[in-house]
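K.L.:
Could you work out the structure for the sequence below:
(2 chains)
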Amino acid sequence: MKIALAGNPNSGKTTLFNTLTGSNQHVGNWPGVTVEKKDGTLRRNMGETVIIQDLPGIYSLSPYTLEEIITRKYLISDRPDAIINIVDASNIERNLYLTTQILEVGIPVVIALNMIDIVQKKGDIIDIEKMSEKLGVPVLEMSALKVVGETEVVRAALLAAKSGKCPTPITFSPETENVLREISELIKDYVSPQTLRFCSIKLFEHDGKTRLELPDAVKLQIEDLVYKFEDKAGDDSDSVIINERYNYISRITEECVILPHKGELTVSDKIDKIVTSRVLALPIFAAVMFLVYYLSISTIGGLMTDWVNETLFGEIVPNGIGAFLERIGTAEWLNALILDGIVAGVGAVLGFIPQMLMLFLFLTLLEDCGYMSRIAFILDRIFKKFGLSGKSFIPILIGTGCGVPGILASRTIESESDRRMTIITTTFIPCSAKLPIIALIAGTFFPRSAFVAPSAYFIGMAAIIVSGVMLKKTKPFKGASAPFVMELPAYHPPKPSAVLRTTLNRGAEFVQRAGTIILLASVIIWFLSNHSFSFRVSDVADSMLAVIGGGLAPLFAPVGWGKWEAVVAALTGIIAKENIVGTMGVLYNKTGIETAFTPLAAYSFLLFNLLCAPCLAACGTVAQEMKSRKWTAFALGYQCGFAYIVAFIAYQLGRFFSGTGFGVGTVAALVLVWAMLMMLFRKGEKKWRQS
Amino acid sequence: MATVIISAILVAYLGFVVYNRRNKKNCCGGGCDKCPKTHD
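P.N.:
Numbers count the residues shown, from 1 in each chain, chains lettered A, B, ... in the order given. Next up is the predicted model:
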């Protein structure tokens, strides 16, 4: 038996899905976290196997975005046995709009009023029985977050599925119903009886995405009917339907919902007056993100990392393993492989676990309490000024964990050009794999500066805005930005167990990657750095890696790190970004990483690796989402080119301002800055073409 | 002998890592649907 969870974005579907199936799908309090259908088996034994399906959140069954298309296609074509319609009870009026459409698809429905705890806390009252009677389907209270009422909801859904009783769709005005009846008569031989009502309404609404195999004569007759109706009504048929749906919802909420404190400001509203105010929003956001990175990397996390790096992976682990290998008498080459390759490479990455955990903890806390959603709202205001959509920020928020789901979240963007632009820029934000590089550079080369680590986040953000503005002014990306609709969830104290679980899960994934892909890469790097092309043991300077890196090194001399070791480290970052640190660990195991760069070159190295093409997994996702080799090549080329230019400008101007000298590089950097400013401030594509 | 045993363990483990990656079983943990990992 299949039960689908459907509802508005951010209504709690994935939270319920995780509770019911024991899954660990990422949950966020902003729309677009779920962009694909996910299946799981109901954990609780209900006498039979029940598949729970988590659908992407949608506002209506008139699809505009990809996730809306996925949900609608699934409900109409694949047809689950029952639908649990998750309704955010704290925003009931808007959520019921989708409900009125779900009631029309001819599948048994149960309505779960989620977040009922928030409603009760506000002192609002919902008459469940009356609502159930009015809507003609079971209505139950639930709090997915607090795990209250979910069993009853599933039980009701199973009963509904077994009974097979479909709800009665809402009745429109007599004039509308007459036309709908006539359309139904015309198409009844071409659609199933269960979807007859739904299809009739969609045809009435001129829904172009309702692809029905109808004879041309029937189509003409329907068009004629609808145009006559529109003439008489003096309005578009879809507007008529929307109005009638909202009138119906108003009647229901008037009768079933009592809001004694309507109009009063809640605590969340009062906090938002400050946190999202036009003047203070940005400084507060900057301060919060500065603190997050500063505390994670430079203070609390940094102190623990020093111990892990220097004592645990610097002395205890290598000495322990070394002594063990010596005792069992392994060959010298194997000792070197394990100690100088695996322990040095994996240890270099694992050393950053305390900082990673601190960052994950802070980001999860911000997400869980509701502040992250405010960041999207705040940045939407800025993005809009530059012609960008705030929707582009959601993938960026998700991308702070991993670029792959960040890129996937770009599916929520309707405009193809905006979507492509978001895919290109999302990975500029530092993902968790880039954190060890930030921590390594900030800790080793700038131990006394509080600004280097947070600057990585702000540079990522600036790169997104600058790229967005520049790309938006070119022909392939021009066009008005799509409006961004997003609910701001009420602030609430983070749930310690949920925060801890998410933090530890993210940490465990990091350890898993270190123990698998980083370990493998460390072995390969060790082999390549200790053997020549004739596969003989050689000095590092004559190794395969030195030859490969040495060939590419001159390319990176203008950005300050034309050494083969640094180039090789950046190259291994293509497999996984943590590899950069792992490779550094292997290559500088003997001499120490501080000999690798000057502080300025180190910062340039950080900038390049922060902004260049992401890891292979993310590159694959870019290709999958772009669905075009040309666009994929453009995206990766743009990222690498942009990263190189930014690193070049930073290095060359940094040299000039630190008094090292004025040269051709400085002039080239100034020309690039000028060109970038021209791109930023020139008029849009259309005017540019006319001029 | 110890060298052979440790090398064999290492080769087997690296083989396992490569096999898993080829089958996309190592997910990045981002909660996407790219891999065929079941969610229950």
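K.L.:
for the residue in the stretch 151-300 of chain A that chain B sits nearest to, what are its contacts?
P.N.:
Nearest to chain B, among the residues of the stretch 151-300 of chain A, is A:Val154, at 14.7 Å (CB to the nearest CB). Quick note: C-beta positions are derived from backbone N, CA and C, even for glycine. Shown in contact with A:Val154 (CB atoms under 8 Å, 6 or more residues apart in numbering or on different chains): A:3, A:20, A:42, A:44, A:46, A:50, A:84.
K.L.:
where do the helices sit along chain B?
P.N.:
Using DSSP state H, the helices assigned to chain B run over residues B:2-22.
K.L.:
what about it, any weak spots by pLDDT?
P.N.:
B:23-40 (pLDDT under 70).
K.L.:
Try it again at 90.
P.N.:
Scanning chain B for pLDDT under 90 picks out the ranges B:1-3, B:6, B:10, B:13-40.
K.L.:
do you know how far A:Tyr74 is from chain B?
P.N.:
According to CB to the nearest CB, to the nearest Å, A:Tyr74 stands 14 Å off from chain B.
K.L.:
wait, that residue sits on A:Leu55?
P.N.:
Yes. Using CB atoms under 8 Å, A:Tyr74 is in contact with A:Leu55, at 6.3 Å.
K.L.:
more crowded one of these two?
P.N.:
A:Leu55 (26 against 17; other CB atoms under 10 Å in any protein chain shown).
K.L.:
mind listing what that one touches?
P.N.:
By CB under 8 Å, 6+ apart, the residues touching A:Leu55 are A:4-6, A:13, A:34, A:37, A:70-71, A:74-75.
K.L.:
switch to 10 Å and redo it
P.N.:
Shown in contact with A:Leu55 (CB atoms under 10 Å, 6 or more residues apart in numbering or on different chains): A:4-7, A:13-14, A:17, A:34, A:36-38, A:67-68, A:70-72, A:74-75, A:80, A:83, A:86.
K.L.:
Select only the buried ones of those residues in PyMOL?
P.N.:
Those of the contacts of A:Leu55 that count as buried under 16 or more other CB atoms under 10 Å in any protein chain shown are selected in PyMOL with:
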select buried, chain A and resi 4+5+6+7+13+14+17+34+37+38+67+68+70+71+72+74+75+80+83+86
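K.L.:
Which element, helix or strand, includes the residue nearest the centre of chain A?
P.N.:
Centroid check for chain A by CA atoms, centre = their mean gives A:Ile398 as the closest residue, at 2.8 Å. A:Ile398 is part of helix A:393-399 when elements are defined by DSSP states H and E.
K.L.:
Tabulate the CA atom coordinates of that helix in PDB.
P.N.:
The C-alpha coordinates for helix A:393-399 follow below in PDB (Å, rounded to 0.1, in the frame of the first residue of the first chain):
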ATOM      1  CA  PHE A 393      19.500  31.900  -2.300                       C
ATOM      2  CA  ILE A 394      17.700  28.700  -1.100                       C
ATOM      3  CA  PRO A 395      20.100  26.400  -3.000                       C
ATOM      4  CA  ILE A 396      23.000  28.500  -1.600                       C
ATOM      5  CA  LEU A 397      21.700  27.900   2.000                       C
ATOM      6  CA  ILE A 398      21.500  24.200   1.300                       C
ATOM      7  CA  GLY A 399      24.900  24.300  -0.400                       C
END
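K.L.:
what's the model's confidence in that helix, averaged?
P.N.:
The average pLDDT within helix A:393-399 is 80.
K.L.:
Can you give me the buried ones in the longest helix along chain A?
P.N.:
Determined from DSSP H, the single longest helix within chain A is helix A:629-657. Buried residues in helix A:629-657, counted by 16+ other CB under 10 Å: A:631-632, A:635-636, A:638-639, A:642-656.
K.L.:
swap in stretch A:226-245?
P.N.:
For stretch A:226-245, burial by neighbour count (16+ other CB under 10 Å) applies to A:226, A:229-230, A:237-238, A:240-242, A:244-245.
K.L.:
hmm, back to that, which residues are in contact with both of A:Tyr74 and A:Leu55?
P.N.:
Taking CB under 10 Å, 6+ apart as the contact rule, A:Tyr74 and A:Leu55 both touch A:4, A:6, A:37, A:80.
K.L.:
Before we move on, what's the pLDDT of the last one?
P.N.:
Turning to A:Pro80, the model gives it a pLDDT of 90.
K.L.:
Give me the domain ranges for chain A.
P.N.:
A:2-163, A:174-258, A:283-644 (automatic domain parsing).
K.L.:
Can you lay out these as a markdown table showing distance to B:Ile5?
P.N.:
Formatted as a markdown table, the domains of chain A follow (distance: least, CB to CB, whole Å):
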| stretch | distance to B:Ile5 |
| --- | --- |
| domain A:2-163 | 37 |
| domain A:174-258 | 62 |
| domain A:283-644 | 9 |
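K.L.:
Is A:Tyr491 in a helix, a strand, or coil?
P.N.:
coil (DSSP: H, G, I helix; E, B strand; the rest coil).
K.L.:
That one: neighbour count?
P.N.:
19.
K.L.:
Go ahead and confirm it touches A:Thr276.
P.N.:
No. A:Tyr491 is beyond contact range of A:Thr276, at 11.5 Å (criterion: CB atoms under 10 Å).
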